[in-house]
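give me the fold of what follows.
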Amino acid sequence: MGSYRVDVTNTARREIRKLPGHMRSLIFREIQSLEREARPYYSKEMRSTRNFIIPKGVELRRIRLNRWRVVYILEEDTALITVLAIRKHPPYQYEDLESLLSEG
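Take a look at the predicted model:
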């Protein structure tokens, strides 16, 4: 545990603005809490698949809040968290992770 800096990509910012008010505030609080705890017990590490490769030294994680997913990367060496996307599941199946990683 430590102190992390949290950045939010432009894509994630646009997605947050489109959320219903109650979800927007819940997700905003969750993103703020990542500054203190980058790996909350209810977050899950995402693994590489054939479609994308996670860069070395980077953890790809997600947090489930109701039907929404907060997808972020954690770079422990620089204590940086980058929120990549806020997506509704279903229908979201993580098919755009490669492009999200290149933005982050």
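
name the element residue 64 belongs to?
Using DSSP states H and E, residue 64 sits in strand 59-65.

helix or strand right after that strand?
For strand 59-65, the following helix or strand on the C-terminal side (DSSP H and E) is strand 68-75.

the inter-axis angle of that next one versus strand 59-65?
Using axes from the mean of the first three to the mean of the last three Cα atoms, to 10 degrees, one finds that strand 68-75 and strand 59-65 are set 160 degrees apart in direction.

which SSE is immediately downstream of strand 68-75?
Next along from strand 68-75, by DSSP H and E: strand 80-88.

output the contacting helices and strands for the longest helix anywhere in the chain.
If you go by DSSP state H, the chain has its longest helix at helix 21-33. The contact analysis (3 or more Cβ pairs under 8 Å, 6 or more residues apart in numbering; DSSP states H and E) places helix 21-33 against strand 5-8, helix 10-17, strand 59-65, strand 68-75. Backbone N, C-alpha and C define where each C-beta goes, glycine included.

helix/strand/coil for residue 40?
Put simply, residue 40 is coil when judged by DSSP: H, G, I helix; E, B strand; the rest coil.

follow-up on the earlier one: now, of the helices and strands packed on helix 21-33, which is deepest in the fold?
Among the helices and strands packed on helix 21-33, ranked by average contacts under mean count of other Cβ atoms under 10 Å, first place goes to strand 68-75 (a mean of 21).

that strand pairs with which strands, parallel or anti?
If you go by DSSP bridges, strand 68-75 pairs up with strand 59-65 (antiparallel), strand 80-88 (antiparallel).
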